[in-house]
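[1] turn this into a structure:
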Amino acid sequence: MSRHRPAGGLTRNRNFNVFWAGQTLSFLGDAFSIVAIPLLILEITGSLTQMGVVTALYGVGSLVAGIAAGPIVDRFDRRKLMIRCDLGRAVIYALVPIGWWLAGPQLWLVYAVAVAGSALAMLFSVSYITAVANLVDKGQIVDANGRLQATYALAFILGPFLAGIISSQFGPALAIGLDGITFLASAVSLSFVRLRRAAADRSAAGRGSHREEFLAGVRFLIASPLFRWLTILTGALAFVSTGVTDLMIFHLKEDLGKSDRSVGIVFGIASVGVMFSGLLVSRLRRSLGFGVCLIGGFVIEGSALLLLGATVSTAIIAGVWALAAFGGSTRGIVTMTLRQELTPDHLLGRVTAAFWTVFSVPGPLGALALTAFGERVGARTALLVVGLFTLGIAAVALFTPVRAFSPTADGGDSR
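    This is a model prediction of the structure:
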């Protein structure tokens, strides 16, 4: 089947468009919290290490939920599951401003929100990946992912800027609370969406224990030379890159003395890279192939991190951060699309959960190590080290099945 379909097909797809609109609002809320939470921790503690602890707790919540998410997503109604995750996150994030108002700054509350919020986010995200595959035809998946990612980027252009303004005027706690409102909007939109799903799919899930079902996803990844190498490479990247956002915010705030508003502007500009990636990725994959998009993404991301560690100009930092975002987004979209295309639908939830659990294991450890390392040697030096490691991953990828133009699960090339 051709990977490309005319754009009009998606334009006429009511279910996809309703889903797209709801996720746009949810993306805007995510853009608030990704900047507001590190700012909140920095405001309370002034510590880069504490920022790393919260990032690590996000990873712990994702890890715990990731083990359970695949079987749950493959067994239950995915749309209802996403709605419940949205409602749960709306309540959880609302607790931050309420807690600040009732009892003042509470670090333990941020810890609790980080774990619970990330657990629900993991469950939602696994459902989200399977939902896209059941909203559009297989040949339109890369285009659908590109549109969603471009919208995600637009939200992250406006969101961090607004989060910076709100954080500077009213405090980061309120900005986090606003994230909860967007989850309510997402839940409402999902109530109008209907997913395609074959009746046989549900009978294929839920036949074994929860552990056996999760391991089915792991076995699928291990058995495939392609997915085995993708899992290894992305897991290695997760270890060194999970704490990069904390490094960037600390560098801007503490090393360069920038305001919350300036931090929001830098992250907003950086999201232009994600937007262009979303708009161009379908064309890039068709013309250059999967391997070039993936490995090229690693190279662009690593090179940009080297430049970030070598400059102190805020304007250059914003532009280079946008370049890193372009590389990372392109790499992420083509990888996600490949899983959606090559994984049987009845296994897609378990395979997605198993793949993302790889990020959840090394990610928290890497975030703790990277932020502690950055506090010792400086954020700029730490960014240089991450950049070199990322380029090393790109070099290794050249000798694996992921380099193929149109890879197959058995490690071949279908071109």
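[2] quick one: name whatever helix or strand follows the longest helix belonging to the chain.
    Ranked by number of residues, the top helix in the chain under DSSP state H is helix 14-45. From helix 14-45 onward toward the C-terminus, using DSSP states H and E, the following helix or strand is helix 48-75.
[3] now do that next one: which elements does it pack against?
    With contacts defined as 3 or more C-beta pairs under 8 Å, 6 or more residues apart in numbering; DSSP states H and E, helix 48-75 has these neighbours: helix 14-45, helix 107-133, helix 199-204, helix 210-223, helix 244-250, helix 345-360, helix 362-377. Using the backbone N, CA and C atoms, a C-beta is placed for each residue, glycine as well.
[4] enumerate the positions of the longest helix of the chain that are buried.
    For helix 14-45, the neighbour count (16 or more other C-beta atoms under 10 Å) marks 15-16, 18-20, 22-42, 45 as buried.
[5] any stretches of the stretch 301-415 of the chain with poor pLDDT?
    358-361 (pLDDT under 70).
[6] recalculate using a threshold of 80.
    309-314, 345-350, 352-365, 367, 411-415 (pLDDT under 80).
[7] select from the helices and strands packed on helix 48-75 the stretch with the lowest mean pLDDT.
    Of all the helices and strands packed on helix 48-75, helix 199-204 carries the lowest average pLDDT, namely a mean of 44.
[8] pLDDT score for Phe156?
    Per-residue pLDDT puts Phe156 at 67.
[9] and Arg84, by the same measure?
    pLDDT, Arg84: 92.
[10] hang on, it is in a helix, isn't it?
    Yes - under DSSP: H, G, I helix; E, B strand; the rest coil, Arg84 sits within a helix.
[11] SS state for the closest residue to Ala116 other than its chain neighbours?
    Among residues not flanking Ala116 along the chain, Ile92 sits closest, at 5.2 Å (C-beta to C-beta, 6 or more residues apart in numbering). With three-state DSSP as the basis, Ile92 sits in helix.
[12] did I read that right, Gly411 in a strand?
    No - read with three-state DSSP, Gly411 is coil and lies in no strand.
[13] could you report the neighbour count for Ser313?
    10 (other C-beta atoms under 10 Å).
[14] for it, give me phi and psi.
    When quoted as degrees, to the nearest 10, the phi and psi of Ser313 stand at phi -80, psi 120.
[15] 52 is where my numbering starts, stick with that
    Yes, from this point I'll number from 52; that puts the last item at Ser364.
[16] for Pro276, which non-adjacent residue is closest in space?
    Nearest residue to Pro276 in three dimensions, chain neighbours excluded: Gly462, at 3.3 Å (C-beta to C-beta, 6+ apart).
[17] now do the contacts for that neighbour.
    By C-beta atoms under 8 Å, 6 or more residues apart in numbering, the contact set of Gly462 is 275-277, 452.
[18] how near is it to Phe456?
    From Gly462 across to Phe456, the span is 13 Å (C-beta to C-beta, to the nearest Å).
[19] go on, Leu374?
    Distance from Leu374 to Phe456, by C-beta to C-beta: 24 Å.
[20] ok, these two, which is more surrounded?
    Legend: neighbour count by other C-beta under 10 Å for Leu374 and Phe456, higher for Leu374 (19 against 14).
[21] wait, the more buried one sits on Gly353?
    No - in terms of C-beta atoms under 8 Å, Leu374 does not count as a neighbour of Gly353; the distance is 10.8 Å.
[22] let me see the contact set for Ile283.
    Residues counted as contacts of Ile283 (C-beta under 8 Å, 6+ apart): none.
[23] which of the helices or strands spans it?
    Element membership of Ile283 [criterion: DSSP H and E] is helix 276-292.
[24] got the angle for that helix vs helix 99-126?
    Going by axes from the mean of the first three to the mean of the last three C-alpha atoms, to 10 degrees, helix 276-292 is angled at 150 degrees with respect to helix 99-126.
[25] distance of the nearest residue to Asn185 once chain neighbours are set aside relative to Arg427?
    Once flanking residues are discounted, Asn185 sits nearest to Leu246: 4.3 Å by C-beta to C-beta, 6+ apart. In this structure, Leu246 and Arg427 are 49 Å apart, going by C-beta to C-beta.
[26] more crowded one of these two?
    More crowded of Leu246 and Arg427, by other C-beta under 10 Å: Leu246, with 18 against 11.
[27] any idea which element the more buried one lies in?
    Assessed by DSSP H and E, Leu246 sits outside every helix and strand.
[28] surely it and Val69 touch.
    No - with contacts counted by C-beta under 8 Å, Leu246 stays clear of Val69, the gap being 11.5 Å.
[29] sketch out the low-pLDDT regions of the stretch 202-351 of the chain for me.
    202-230, 246-268, 293, 306, 309-316, 318-322, 325-326, 329.
[30] show me where the stretch 302-451 of the chain has strands.
    For the stretch 302-451 of the chain, no strands are identified by DSSP state E, counting those that start in this stretch.
[31] which residues in it form helices?
    For the stretch 302-451 of the chain, applying DSSP state H, counting those that start in this stretch gives helices covering 311-339, 341-359, 365-393, 396-411, 413-428, 430-448.
[32] of those helices, which approaches Val183 most closely?
    Set against Val183 and scored by C-beta to C-beta, the helices of the stretch 302-451 of the chain come closest in helix 365-393, at 6.7 Å.
[33] and that closest one, what does it pack against?
    Going by 3+ C-beta pairs under 8 Å, 6+ apart, helix 365-393 lies up against helix 158-184, helix 192-221, helix 276-292, helix 311-339, helix 341-359, helix 396-411.
[34] what angle separates the last one from helix 261-274?
    Okay, so that is helix 396-411. Per the same axes, to 10 degrees, the angle that helix 396-411 makes with helix 261-274 is 80 degrees.
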